[in-house]
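K.L.:
Let me see the structure of the following:
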Amino acid sequence: MQARAGSSTAAAGATATAMKQQSTLFALLSLSLLLLRLLLRLRLAAFRDAALTLHLLVRLRIRPVTVRLPGPDGTTLRFWCPASATSTKPPLLLLHGFGGDAKWTWAHNFAALSRSFHLYVPDLVFFGSHSRSASPLRSVAFQARCVADAMRLLGVPRYHVVGISYGGFVAYRMAAVEARDSVDRLVVMTSGVAATAREISALAAQEEMAVEDALLPDTAAGLRRLVCRSMHRPPRLPDFVLHDFIQLMFVDQRKERSELLRELLKNGAGIDPLPVLTQRTLVLWGDKDQVFPVDLGYRLQRHLGHECRLEIIKDAGHALQLEGAGKVNSFIRSFLLDAPDGPEFGVARK
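P.N.:
Residues are numbered from 1 along each chain as shown. Prediction:
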């Protein structure tokens, strides 16, 4: 009888254990299905955006700060800047172009450059969800003044500046006018600063559509065309990823950015004639640039004279900071720090 009772107890225990395991398995399965549903509802581009934010905050200790400028227009700029204000590293300001905001533009450059520099990386006015203004101004001068004022409010009296494409116009304008005494050295990347307003308009006229539709696409086909135009080796991306990126990057403040484009086409950097800068300047260009032809890089070098160095990076297009990230990071570091272990200038032209 005792043996039979023991057997019954063991069987009951085994049954309870099995039921508990089934319950645990069911709970895990339910949780997995819930997570899958959340992932399916979360846009891939938004997921990547969140991952970039986490990388900046946790790995690089770079945090977002919203700077409100004085004045009646309520102008604000979102900056990514160091979590700690105490550092012996030189300050470096990075200015993005029309193709994205601060995080997406410099995603391949943050880690490498933050090892040598105290980075300040803003979303320019009307880019991102936090850089906004009620001002009617859309000029490059307005952008340059906003960034210069924000850097003063952040307590950074002197700094280097790197600007790509539209950001190169803003960077040049800052070095020439709005922050002339604050900008130490300048790096201009694939930016048509040396082109006349008429030449910029002629380049825009070569497009098969309105320039704001080309640079601010609202369809997957339009964004794919822009990616192919901007990169020498464009990635193959499915339509749903392109749609996600459009929703993330090109919907909010579209009207204001269209107005920025029209102002750029009309007046360029807004300085005529283009001044010769006093700062030492590095010009970086991709030899396969289909947006601003490389001849404009040579023209800018000739205009600036002996204080300017030009580097042409092989097999890279307009999105130079992505396709040529390694060389771009090395050239920036070497030029700004006079680093003896950097790349030999002129090698990239071969």
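
K.L.:
Quick check: pLDDT value at residue 236.
P.N.:
Residue 236 is assigned 91 on the pLDDT scale.

K.L.:
would it count as being in a helix?
P.N.:
No: using DSSP: H, G, I helix; E, B strand; the rest coil, the assignment for residue 236 is coil, not a helix.

K.L.:
Numbering from 416 from now on, please.
P.N.:
With 416 as the first residue, the last one maps to residue 651.

K.L.:
What helix or strand is residue 460 located in?
P.N.:
helix 459-469 (DSSP states H and E).

K.L.:
Not counting its own residues, what contacts that helix?
P.N.:
Residues from elsewhere that reach helix 459-469, judged by C-beta atoms under 8 Å, 6 or more residues apart in numbering: 454, 479, 518, 519, 522, 655, 656, 659, 660, 662, 663, 664. Just so you know, the C-beta spots here come from the backbone N, C-alpha and C atoms, and that holds for glycine as well.

K.L.:
and the helix or strand just after that helix, which residues are buried?
P.N.:
Along the chain past helix 459-469, the next helix or strand (assigned with DSSP H and E) turns out to be strand 477-483. Across strand 477-483, burial judged by 16 or more other C-beta atoms under 10 Å covers 477, 479, 480, 482.

K.L.:
Give the closest residue to the third one in space, chain neighbours not counted.
P.N.:
Put plainly, it is residue 480. Setting aside the residues directly before and after it, residue 480 is nearest to residue 494 in space (C-beta to C-beta, 6 or more residues apart in numbering), at 4.9 Å.

K.L.:
And the next helix or strand past the helix or strand containing that neighbour?
P.N.:
Taking DSSP H and E as the criterion, residue 494 maps to strand 491-497. Heading C-terminal from strand 491-497, the first helix or strand you meet, by DSSP H and E, is strand 506-510.

K.L.:
Give me the contact list for the strand holding residue 494.
P.N.:
With contact meaning C-beta under 8 Å, 6+ apart, strand 491-497 is reached by 471, 476-484, 517-518, 533-540, 543-548, 561-562, 565, 569.

K.L.:
residues contacting the residue nearest the centre of the chain?
P.N.:
Geometric centre of the chain, nearest residue: residue 520, 2.0 Å, by C-alpha atoms, centre = their mean. Contact analysis of residue 520 by C-beta under 8 Å, 6+ apart lists 509, 511, 512, 514, 579, 582, 736.

K.L.:
Show the pLDDT at the third one.
P.N.:
When you say that, I think you mean residue 512. 96.

K.L.:
likewise residue 726?
P.N.:
pLDDT recorded at residue 726 is 97.

K.L.:
Mind telling me what element it is part of?
P.N.:
Using DSSP H and E, residue 726 sits in strand 723-728.

K.L.:
Note down every partner strand of that strand and its orientation.
P.N.:
When sheet partners are counted by DSSP bridges, strand 723-728 sits next to strand 696-701 (parallel).

K.L.:
now the very next helix or strand once past the strand it pairs with, how far from the chain's geometric center?
P.N.:
Sequence-wise, the next helix or strand downstream of strand 696-701 (DSSP H and E) is helix 710-719. How far helix 710-719 lies from its chain's middle: 24 Å, per C-alpha atoms, centre = their mean, to the nearest Å.

K.L.:
And helix 710-719, what's buried?
P.N.:
Counting neighbours by 16+ other C-beta under 10 Å, helix 710-719 gives 711, 712, 714, 715, 716, 719 as buried.

K.L.:
Can you add distance to residue 444 and give the residues you listed back as JSON lines?
P.N.:
Compiled in JSON lines, the buried residues of helix 710-719 are given as follows (distance: C-beta to C-beta, whole Å):
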{"residue": "711", "distance to residue 444": "59"}
{"residue": "712", "distance to residue 444": "58"}
{"residue": "714", "distance to residue 444": "64"}
{"residue": "715", "distance to residue 444": "61"}
{"residue": "716", "distance to residue 444": "63"}
{"residue": "719", "distance to residue 444": "65"}
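
K.L.:
Relative to residue 726, which of those residues is nearest.
P.N.:
Nearest to residue 726, judged by C-beta to C-beta, of the buried residues of helix 710-719 is residue 712 at 8.9 Å.

K.L.:
if we can go back for a sec, tell me the angle the helix holding residue 460 makes with strand 477-483.
P.N.:
Using axes from the mean of the first three to the mean of the last three C-alpha atoms, to 10 degrees, the inter-axis angle of helix 459-469 relative to strand 477-483 is 100 degrees.

K.L.:
picking up where we left off before, count the residues that sit near the residue nearest to residue 480.
P.N.:
Residue 494 has 24 neighbours, counted by other C-beta atoms under 10 Å.

K.L.:
for residue 535, same thing?
P.N.:
Residues near residue 535, counting by other C-beta under 10 Å: 24.

K.L.:
which residues does it contact?
P.N.:
Neighbour list for residue 535: 494, 495, 496, 506, 507, 508, 509, 566, 569, 571, 574 [criterion: C-beta under 8 Å, 6+ apart].

K.L.:
follow-up on the earlier one: show me just the buried residues among the contacts of strand 491-497.
P.N.:
471, 477, 479-480, 482, 484, 517-518, 533-540, 543, 545-548, 561-562, 565, 569.

K.L.:
give me the low-pLDDT residue ranges for the stretch 516-665 of the chain?
P.N.:
Residue ranges of the stretch 516-665 of the chain with pLDDT under 70: 623.
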